[in-house]
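A.B. asks: Here is my input, please return the structure:
(one chain, ligands or ions: 1)
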Amino acid sequence: MKDFKAVVIGELFPSPLEKLEESCDVRVWKERTPIPTDTLHEWLEDADGLISRGDVSVDEELVSAFPHLQVIAQSSVGYDNVDVQACTKKGIPFGNTPDVLVEATADLAFGLVLTSARKLHDGWDYVRNGQWNTSFDIPLGTDLYGKTLGIVGMGNIGRSVAKRAQASGMNIIYHNRKPSPKADDVGADYVAFDELLQDSDFIVVLVPLTSESKGLFGAEAFKKMKSTAHFINASRGPVVHTDDLYDALVNEDIAHAALDVTDPEPIRKDHPLTNLSNVIITPHIGSATYETRNSMSQLTVDNLLAGLQGKRLPACVNAAEVKQLS
Ligand code: 8YV
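C.D. replies: Here you go, the predicted model:
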């Protein structure tokens, strides 16, 4: 009999899992499919801690229903699936994994900028179809050098994307609710949202999903962009109005989109968006490297164990509101 009981939705790396098992009886939902509600409720009945996943709705009902639940941790930086206020109301600290995934996610976002500009995916298709550049019908890409990159959401990931863009000789502008000190030494200038839409050759979206950012990119926004603009989303799908993006791509209001996140997610193979030649989609893999997922796993377990032991979580979203021992 261990000190605590923990429920884990999703797989943990072996070493963090072992660490968790030293003090907890652990039940793990390893399937890729969402855990059935009945199973989740049954498992949570006597659980002290929960490691959740983006596809679990950690809403007020769930947070309030289980009296033993003392701490919730999630292996992601985004937590739009979690009602943090409800956690706070119940005195439950909620931990996430910022910082450790910054560089991997910035690589992916900037990788999408490069792929979109240089049509790497088309090049591969050509070779697979037995063609080479000697056919002279290779579609030409566009330079990054001298172009303007607009970052919507200048947080830690935005700052790391800006550094990569700086190295490629791009001009960088950004928009946040207010100017961010994170942009100070990466040569990024603060501009109004509309100015960013009008002036950017590449737009990278990195905002969290909130009631304010939901649907931020709709018909009106796409109409304001350059017809040569490349639109990259590495944040959350619902920040973009999918039908409006589809129309913008079909009507050539913008040139190209590269998406790591979609709405709906996962997107079906036969979804109209996936049939367009001016879009590429990757399956939400911003943090999907061995090193980063391992660090995320470790931090998630450290968050959960700290909470169970009544200590301050190393990465706590509601630390200021929930009283914790240091
Ligand atoms: C997660 C992400 O890996 O951290 C985030 O917010 O989007 C990804 O890095 C994914 O949500 C799985 O939890």
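A.B. asks: residues near the closest residue to residue 41 other than its chain neighbours, how many?
C.D. replies: Spatial nearest neighbour of residue 41, chain neighbours left out: residue 65 (7.2 Å); criterion: CB to CB, 6 or more residues apart in numbering. The C-beta positions use only the backbone N, C-alpha and C, and glycine is treated the same way. Using other CB atoms under 10 Å, the number of residues around residue 65 comes to 12.
A.B. asks: and the chain, which residues reach the ligand?
C.D. replies: 53, 54, 75, 76, 77, 78, 101, 286, 287 (CB under 6 Å from any ligand atom).
A.B. asks: Try it again at 5 Å.
C.D. replies: 54, 76, 77, 78, 286, 287 (CB under 5 Å from any ligand atom).
A.B. asks: between those, which is nearest residue 312?
C.D. replies: residue 77 (18.8 Å; CB to CB).
A.B. asks: Surely the closest one is in contact with residue 96?
C.D. replies: Yes: taking CB atoms under 8 Å as the definition, residue 77 is a contact partner of residue 96 at 5.7 Å.
A.B. asks: buried ones in the top helix by length along the chain?
C.D. replies: Across the chain, the longest stretch assigned as helix under DSSP state H is helix 290-308. Neighbour-count burial for helix 290-308, counted by 16 or more other CB atoms under 10 Å, picks out 292-308.
A.B. asks: again, but for stretch 128-148
C.D. replies: 141, 142, 144, 147, 148.
A.B. asks: how about these in JSON lines, adding pLDDT and secondary structure?
C.D. replies: Compiled in JSON lines, the buried residues of stretch 128-148 are given as follows (pLDDT from 0 to 100; DSSP: H, G, I helix; E, B strand; the rest coil):
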{"residue": "141", "pLDDT": "95", "secondary structure": "coil"}
{"residue": "142", "pLDDT": "97", "secondary structure": "coil"}
{"residue": "144", "pLDDT": "98", "secondary structure": "coil"}
{"residue": "147", "pLDDT": "98", "secondary structure": "coil"}
{"residue": "148", "pLDDT": "98", "secondary structure": "strand"}
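A.B. asks: Closest one of these to the ligand?
C.D. replies: residue 144 (24.7 Å; CB to the nearest ligand atom).
A.B. asks: Just give me the neighbour total for the nearest residue to the closest one once chain neighbours are set aside.
C.D. replies: Residue nearest to residue 144 in three dimensions, not counting chain neighbours: residue 168, with 4.4 Å by CB to CB, 6+ apart. By other CB under 10 Å, 16 other residues sit near residue 168.
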